[in-house]
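Engineer: the sequence and its predicted three-dimensional model are supplied below.
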Amino acid sequence: MKKILFLTIFSAIIIACGETTTNKKTLVQGETALSGTIRIDGSSTVYPITEAVAEEFREVAPKVKVTIGISGTGGGFKKFSRGETNLSNASRPIKDKEMAACATNNISYIELEVAYDGLAVLVNPKNDWVDSFTVEELKKIWEPAAQGVIMKWNQIRPEWPNEEIHLFGPGVASGTYDYFTKAIVGKSGSSRGDFTASEDDHVLVQGIVGDKYALGFFGLAYYSENKEKLSLIGVHNGTEVVKPTLETVSNGSYSPLSRPLFLYVNSTSVAAKEVVTFVEFYLKNAGELSKDVGYIPLPQEMYDTQIERFKAFVLKNK
Amino acid sequence: MNKIQVNRWKDQLFKIWGIGCTLVGLILLVLFIGDILIDGIMRIDWGFVMNLPSRKAEKSGIYTALMGSLWILALTTIIAFPIGVAAAIYLEEYAKKGRFSALLEINISNLAGVPSIIYGLLGLEVFVRILNLGASVLAGSLTLSLLILPIIIVATRESIKAVPSTIRDASYALGASKWQTIWNQILPASSGGILTGVILSLSRAVGETAPLIVVGALAYVPFAPSNPMEEFSVLPIQIFNWISRPQHGFIENAAAAIIILLLVTFMMNAVAVYYRNKWQKKWN
């Protein structure tokens, strides 16, 4: 049933966009004989996974040249919608404006999820009073109205110490900041301004390590690399307090601070066998490889259904 | 205390102040280089220079980025050097002093202060899209050439100005034409300063990241460019990419790549100093 549904949706998209498949690349049997270039650009957050896949793909198809850029999710979609890239890395779903740009250039695509990224909330290990936060408490601390008002720990819960709270977070240009503010404050890019911001997450780690009254957030991978120096705080998801782990992020119970990472595939590109092989290889290996680079794999059945979806998409666009 | 003593005092005070100012820069540089060396020196080996990018820090190398940087350097030199020097000669020797040349001068000085990312946006539109060069080494080099042209022009004009007028007058007195004077006298006499300017501006170009990311330089390329139309990566992008990775091994990689990049710039500066000394000797 699902398959039929997808087929209908995609054929609808394709008919709407006016398909133009004129890729004259010779299709060679056997993967080692594959050649050609696969152009990928987009989010620097997704980059490590795609890099890992491309690296492993060198063993499978050494003659295929895979190139990956880091123009950011938006910059990547700009190139994708002009047909300049075959695949696009994205740390958020495509926006309406970007969809429209694709449509005007007759570009249709399939959206695939490749892994999850968890966002960790952290304090100094000497902090012995915090064991969890609710989303409301985090909002109270980080929302724009908190600037200059919420300055002490005991303003959040009265039993916490009467000491200044020192906030650390990624710079406002980063996707991590966008996604934290969207999940916690409710509006992407909206937060108080009086916190220590750094584009370099290692600086945030150092900041929290050196300050007993610190509170900060950043990608889970940075916590995994500095486990012994930081204290991870659970977040209340509405029913219970959950700490981000491989399991809780993968099964969705660590909410709302986990997000999927995406790969977009241009429909005209799947006429080239190397692109099809690469994307299938990606979905088959993303689980293992995303762990290697510090992200969290999707449940296996999600990779399986997406491979089926992708195969159907390829058939439709041959 | 009489006046002489006061003045001596002031003299001493200023000397100490001057030493302090010099040390600020030096100490910071030593701290920075020392820190980088401690982090990265152990990581540099043949494999690091020759390996392709990898998700495993210890298997990762800078081969494609280094090759990309060298390509960029060579092409940028070929493009920017003749254009910059010729423009400077025109402005200094031929252009009539008037409103037009004053306007040109102001614009060139202003260009030197434009943020480099603006050049990236210009390069993306003009070279990558309108001239349809794609995200190639050539497009990147043209963009960086624009970026350093104002610096080359200003440096060249200054060194042409510094040529003693006696040389010029002697050449004209012997019946040489304007072109003969420029080619045989002015340019050789100012070439030390011109080369210094060109090499220092290239040192800047080799460290640029932002304009090249905008133009479309990549973070992962599994091959070194074999012609100017191929895609590329450069060392600063590789460093930037590694610094933003959580695993500690990549921080060592970044430090090691910074050492290599510093070596490249140091070598270029050494060449600049060598030529300057050589020409100075010849003319003194």
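Structural biologist: Thanks, I have the structure now.

Engineer: give me the most central residue, chain A.
Structural biologist: Centre of chain A computed as the mean C-alpha position; nearest residue by CA atoms, centre = their mean is residue A:261, 3.1 Å away.

Engineer: shouldn't that one be in contact with residue A:112?
Structural biologist: No: contact criterion CB atoms under 8 Å: residue A:261 and residue A:112 do not qualify, at 9.9 Å. No exception for glycine: its C-beta is placed from N, CA and C like everyone else's.

Engineer: which of the three states applies to residue B:54?
Structural biologist: Look at residue B:54: counting by DSSP: H, G, I helix; E, B strand; the rest coil, its state is coil.

Engineer: contact partners for it?
Structural biologist: By CB atoms under 8 Å, 6 or more residues apart in numbering or on different chains, the contact set of residue B:54 is A:55, B:60, B:61.

Engineer: which one of those sits in the busiest neighbourhood?
Structural biologist: For the contacts of residue B:54, the largest number of neighbours (other CB atoms under 10 Å in any protein chain shown) sits with residue B:60, at 24 neighbours.

Engineer: ok, and the closest non-adjacent residue to that residue?
Structural biologist: Nearest residue to residue B:60, sequence neighbours excluded (CB to CB, 6 or more residues apart in numbering or on different chains): residue B:54, at 4.2 Å.

Engineer: quick check: that neighbour vs residue B:45, distance?
Structural biologist: Remark: distance between residue B:54 and residue B:45 (CB to CB, to the nearest Å) = 15 Å.

Engineer: likewise for residue A:126?
Structural biologist: Per CB to CB, residue A:126 is found 40 Å from residue B:45.

Engineer: neighbouring contacts of stretch A:68-84?
Structural biologist: By CB under 8 Å, 6+ apart, the surrounding residues in contact with stretch A:68-84 are A:39-45, A:47, A:50-51, A:54, A:85, A:87-92, A:94-95, A:98, A:101-102, A:105, A:107, A:109, A:175, A:264, A:266, A:268, B:135, B:213-214, B:216-220, B:237, B:241.

Engineer: narrow these to those in strands?
Structural biologist: Secondary structure from DSSP state E places A:39, A:40, A:41, A:42, A:87, A:88, A:89, A:90, A:109, A:264, A:266 of those in strands.

Engineer: ranges for the helices of the chain?
Structural biologist: Using chain A here. Here chain A has its helices, by DSSP state H, at A:2-17, A:47-60, A:72-81, A:96-104, A:135-142, A:175-184, A:201-209, A:220-225, A:246-250, A:273-292, A:300-317.

Engineer: other chain: chain B
Structural biologist: Under the criterion DSSP H, chain B carries helices at the ranges B:3-40, B:46-50, B:63-89, B:99-111, B:116-123, B:137-161, B:165-173, B:178-181, B:187-206, B:210-215, B:235-243, B:248-283.

Engineer: can you put these in CSV and add distance to chain A and mean neighbour count?
Structural biologist: Listed next are the helices of chain B as CSV, based on distance: least, CB to the nearest CB, whole Å; neighbours: other CB atoms under 10 Å in any protein chain shown:
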stretch, distance to chain A, mean neighbour count
helix B:3-40, 12, 11
helix B:46-50, 15, 13
helix B:63-89, 10, 20
helix B:99-111, 25, 12
helix B:116-123, 11, 20
helix B:137-161, 12, 24
helix B:165-173, 51, 13
helix B:178-181, 46, 14
helix B:187-206, 19, 21
helix B:210-215, 7, 24
helix B:235-243, 6, 23
helix B:248-283, 6, 17
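
Engineer: on that earlier part again, got the helices of chain A as TSV, with distance to residue A:34 columns?
Structural biologist: Shown next, in TSV, are the helices of chain A (distance: least, CB to CB, whole Å):
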stretch	distance to residue A:34
helix A:2-17	25
helix A:47-60	8
helix A:72-81	22
helix A:96-104	27
helix A:135-142	48
helix A:175-184	33
helix A:201-209	37
helix A:220-225	32
helix A:246-250	32
helix A:273-292	5
helix A:300-317	15
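
Engineer: mind pulling up the pLDDT for the closest residue to chain A within the stretch 1-150 of chain B?
Structural biologist: Here the stretch 1-150 of chain B gets closest to chain A at one residue, residue B:55, 3.8 Å apart by CB to the nearest CB. pLDDT for residue B:55: 88.

Engineer: that one: how many residues sit nearby?
Structural biologist: Count around residue B:55 with other CB under 10 Å applied: 22.

Engineer: show me what contacts the nearest residue to it once chain neighbours are set aside?
Structural biologist: Closest residue in space to residue B:55, ignoring its immediate chain neighbours: residue A:52 at 3.8 Å, by CB to CB, 6+ apart. Shown in contact with residue A:52 (CB under 8 Å, 6+ apart): A:289, A:290, A:292, A:293, B:55.

Engineer: surely the first one meets residue A:51?
Structural biologist: No: here residue A:289 lies out of contact with residue A:51, judged by CB under 8 Å, at a distance of 9.2 Å.

Engineer: overlap in contacts of these two?
Structural biologist: Joint contacts of residue A:289 and residue A:51 (CB under 8 Å, 6+ apart) are residue B:55.

Engineer: nearest spatial neighbour of residue B:245, skipping sequence neighbours?
Structural biologist: In space, residue B:245 is closest to residue A:48, 6.7 Å off (CB to CB, 6+ apart).

Engineer: show me the contacts for the one you found.
Structural biologist: Counting by CB under 8 Å, 6+ apart, residue A:48 has contacts A:293, A:294, A:295, B:55, B:245.

Engineer: the same query, at a cut-off of 7 Å, please.
Structural biologist: A:293, B:55, B:245 (CB atoms under 7 Å, 6 or more residues apart in numbering or on different chains).

Engineer: share the number of residues neighbouring the first one, please.
Structural biologist: It refers to residue A:293. Around residue A:293 there are 19 residues (other CB under 10 Å).

Engineer: ok, it to chain B distance?
Structural biologist: 5 Å (CB to the nearest CB, to the nearest Å).

Engineer: who's in contact with that residue?
Structural biologist: Residues in contact with residue A:293, defined by CB under 7 Å, 6+ apart, are A:48, A:49, A:52, B:55.
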